[in-house]
Each structure stands twice: as C-alpha cells, then as structure tokens.
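Asks: Compute the structure for the input listed below.
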Amino acid sequence: MPVITRKQHFETAQMVPLQAGKRIRSPADLEDLVATFALNHQLGAFVDTLDVSLQSAFPLATLRQSFFHLPNLTDLMLIITGVRRSIAPLRNYFRTNLRHHALADFLSIHMSITDLDMLCHTHCPRSVCPLRRVDLSNLLCLSGPAHCVYQLTCPNLTRLTMTLNDASRSVGPLLRSMPAPLPLLYQLTLDIRDDDHDVLNSIAFTCPALRKLKLLEQTPRSGLSWSKALRRLPELEELLLCTGAPLVRKKADLSLERQAILTWIYGTRRVASISATKAHPVLYHVGVWYGAGKYGGGCVTHWSKPSGVWERTISILEPSADYVFI
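Replies: Numbers count the residues shown, from 1 in each chain. The predicted structure follows:
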C-alpha cells in the first residue's frame with residue numbers, strides 16, 4: 001500500500017477549489033474536512049454555510065475542531081443525535097433537530113442567531129416549551145412545531161412557519177393565544193386542520209400587516225366567507241393554498257376555477273357584479289394546489305393580474321410529489 005506523505009497531503013489540499021458551502025454526511029467526511037482545512041486555511045475562511053447530518057456516532061471533538069477552521073461561518077444546518085451542549089459559534093441561520101431542553105442552553109449562548117429553523121418532530125411533550133426562558137428578541141425568522149412556536153413569538157419577527165404533527169391541536173386557537181400581535185410579520189406559512197374554520201380571522205387578529213400567506217392542508221370554505229376574512233388582511237399580496245379537497249367539480253376547468261377564485265377576491269359569485277371597487281385592495285397572486293395527495297396529483301393553478309385583469313397564468317395537472325409549490 002503506497003504511503004502518502006504530509007507534503008503530498010499539503011499539495012492536494014492546495015488544489016481543492018474554494019466552496020462557500022460544505023456538506024457533511026459521515027464521520028469520514030468530517031475528518032476529511034478538518035484535515036484539509038488544517039492544511040489550507042483559505043478553504044475554511046471561504047465557507048459561510050455548513051450542512052451537517054450525522055445519524056451514527058462521531059467524535060464531538062472533531063466537530064468542534066471543524067468550527068475552528070470556519071471563522072466566517074454564518075449558516076449552520078445541524079442534524080445530529082445525542083448533543084446537549086454548545087458546540088458551535090453562530091451568527092445567522094441555524095437549522096436543527098436538537099430537543100428543546102438542550103436547544104435552550106445552546107441559544108442562551110448563541111444570541112446572535114436571527115433565523116431559527118426547528119424540525120417539527122422536536123416538539124415538546126410538556127405544555128410549556130423550555131425555550132420560553134430564552135431571550136429570542138433577535139429572531140427575525142422562526143420555523144418549528146406550532147405547539148412551541150406560538151409561545152416564542154416576538155414583535156420583531158418578519159417570517160413565521162408553524163408546523164403540525166399528528167398529535168397537535170388546531171392552529172387557530174394557538175394564533176390567538178400568542179403573547180403579542182406581530183406587526184412586522186409579512187410572511188406566514190401554516191399547517192392547518194380541517195376544523196380550523198376561522199383560521200383567516202385568527203391570522204388577521206395576530207398578523208395585521210401580513211403580505212404573503214401559505215396554508216397547507218386547508219379545506220376551502222365558502223368563497224364568500226373567505227373573501228370577508230381576506231379583507232381583514234388589507235396588506236395581503238399573495239395567497240397560496242395546498243389542499244387535498246377539490247376546488248372545483250372538474251379539475252383544471254378554466255371557467256369553474258375562475259368563478260371560485262374571483263369569489264374569494266371580489267366577494268360575489270355573480271360576474272356581472274364584479275367591479276374594481278369590490279376587489280381586495282392589494283392582492284395580486286393566488287395559487288392553489290387542490291386534490292393533492294401524499295404522492296402529488298391533483299391540479300396546480302395560479303392566478304394573477306399582469307395587465308390589471310385576473311387571469312390564469314399556470315395550470316398543471318397531476319404534478320409530482322416533489323413539485324415546488326411557490
């Protein structure tokens with residue numbers, strides 16, 4: 001077996017191209033990163049994003065050592081098991097599966113994080129989330145299980161995502177139970193239960209300045225009642241809705257879709273009664289993925305008014321499950 005000298009290691013490290021993002025998927029990847037960056041400090045200094053996903057045992061000391069070589073790291077995605085203590089210097093984005101009692105200590109040290117993404121299965125079994133004792137006033141973007149997130153909101157938030165698992169209760173009451181309204185929030189993504197009949201009014205109560213709303217697994221209610229609720233969100237510019245329920249009797253039928261969408265926008269089912277004065281004041285984009293299932297399917301329809309008149313701009317029948325709905 002040929003012997004590789006330190007000089008050869010060094011020369012190899014100098015040939016590695018600069019990359020702003022690095023991915024770690026095995027302990028061997030982690031060891032290679034540390035060894036390479038130790039021989040070429042420029043590589044580590046260029047990295048600002050690190051994505052770590054380790055499901056097997058690994059040396060925690062090696063992970064800590066890797067951060068020593070990443071002085072400009074701002075975004076960290078950390079999916080690991082068994083870690084309960086602070087391990088990394090962070091400045092901006094943090095995505096993690098750490099349980100919240102461990103995450104509380106972590107965030108108490110890393111108070112400069114502005115974008116926190118907590119995976120849904122990390123929700124707390126207790127009624128009070130341990131993260132409530134942490135000062136999260138620096139957060140601008142927050143994503144995580146609804147049962148915990150509603151307890152953690154602060155007035156500075158601009159983007160919020162609330163996810164549900166099978167044991168979670170409806171999100172409407174959680175929205176109304178938030179400690180304070182969110183006057184700066186402009187983007188909201190929600191998982192919704194079928195019994196969240198009053199969810200739009202709950203959103204309007206908590207997020208009066210909302211501009212972009214995405215509802216997942218929501219069953220559309222009466223078009224007239226939705227129109228009335230949408231008007232309580234006078235700054236709303238975009239509405240995205242993903243549902244397993246049918247929007248119209250015949251998928252992708254232009255006339256039926258137009259009637260359903262315009263009822264939301266104008267608050268009337270009669271085309272002759274439609275006028276600019278009755279329209280939602282700023283809404284310009286409505287997207288619906290209806291009839292969607294676990295493996296995709298259904299129909300995606302997008303409506304906007306590029307020339308001042310509402311028209312269908314996109315129609316996709318039977319999209320795949322990995323279709324990006326934005």
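Asks: buried stuff in stretch 129-148?
Replies: Of all the residues in stretch 129-148, those buried under the rule 16 or more other CB atoms under 10 Å are 129-131, 134, 136, 139-148. The way it works is simple: take the backbone N, C-alpha and C, and place the C-beta from them, glycine included.
Asks: In PDB, please show the C-alpha coordinates belonging to that stretch.
Replies: Only the C-alpha atoms of stretch 129-148 are listed here, as PDB (Å, rounded to 0.1, in the frame of the first residue of the first chain):
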ATOM      1  CA  CYS A 129     -41.700  24.900  26.000                       C
ATOM      2  CA  PRO A 130     -38.200  25.200  27.600                       C
ATOM      3  CA  LEU A 131     -37.300  27.900  25.000                       C
ATOM      4  CA  ARG A 132     -39.700  30.300  26.700                       C
ATOM      5  CA  ARG A 133     -36.900  31.100  29.300                       C
ATOM      6  CA  VAL A 134     -34.500  32.200  26.500                       C
ATOM      7  CA  ASP A 135     -34.300  35.700  25.100                       C
ATOM      8  CA  LEU A 136     -35.200  35.300  21.400                       C
ATOM      9  CA  SER A 137     -35.700  39.000  20.700                       C
ATOM     10  CA  ASN A 138     -33.000  38.900  18.000                       C
ATOM     11  CA  LEU A 139     -35.000  36.500  15.900                       C
ATOM     12  CA  LEU A 140     -36.400  37.700  12.600                       C
ATOM     13  CA  CYS A 141     -37.400  34.300  11.100                       C
ATOM     14  CA  LEU A 142     -38.800  31.400  13.100                       C
ATOM     15  CA  SER A 143     -39.900  28.000  12.000                       C
ATOM     16  CA  GLY A 144     -41.000  25.000  14.000                       C
ATOM     17  CA  PRO A 145     -43.700  23.000  15.700                       C
ATOM     18  CA  ALA A 146     -46.800  25.100  16.300                       C
ATOM     19  CA  HIS A 147     -47.200  24.000  19.900                       C
ATOM     20  CA  CYS A 148     -43.900  25.600  20.800                       C
END
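Asks: Val324: which of the buried residues of stretch 129-148 is nearest?
Replies: Taking CB to CB as the measure, Val324 lies nearest Ser143 of the buried residues of stretch 129-148, at 16.9 Å.
Asks: ok, what's across the strand from the closest one?
Replies: Applying DSSP bridges to Ser143 yields these beta-bridge partners: Asp117, Thr161.
Asks: who touches it in this structure?
Replies: 116-118, 149, 159-161, 163, 189 (CB atoms under 8 Å, 6 or more residues apart in numbering).
Asks: Got a ChimeraX select line for the buried ones in the residues you listed?
Replies: The buried residues among the contacts of Ser143 can be selected in ChimeraX (16+ other CB under 10 Å) with this line:
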select :116,118,149,159,160,161,163,189
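Asks: Now do the helices in the stretch 201-326 of the chain.
Replies: For the stretch 201-326 of the chain, helices defined by DSSP state H, counting those that start in this stretch occupy the ranges 223-230, 254-266.
Asks: Make a markdown table out of these and add distance to Ile109.
Replies: Listed next are those as a markdown table, based on distance: least, CB to CB, whole Å:
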| stretch | distance to Ile109 |
| --- | --- |
| helix 223-230 | 42 |
| helix 254-266 | 46 |
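Asks: Serialize the ones you listed to a markdown table and add fields for mean neighbour count.
Replies: Listed next are these as a markdown table, based on neighbours: other CB atoms under 10 Å:
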| stretch | mean neighbour count |
| --- | --- |
| helix 223-230 | 18 |
| helix 254-266 | 18 |
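Asks: Between these, which has the poorest mean confidence score?
Replies: In terms of average pLDDT, helix 223-230 trails the rest of these, at a mean of 80.
Asks: That one: how far from the chain's middle?
Replies: Computed by CA atoms, centre = their mean, to the nearest Å, the separation of helix 223-230 from the middle of its chain amounts to 26 Å.
Asks: Check which helices and strands it sits against.
Replies: When contacts are defined as 3 or more CB pairs under 8 Å, 6 or more residues apart in numbering; DSSP states H and E, helix 223-230 sits against helix 199-206, helix 254-266.
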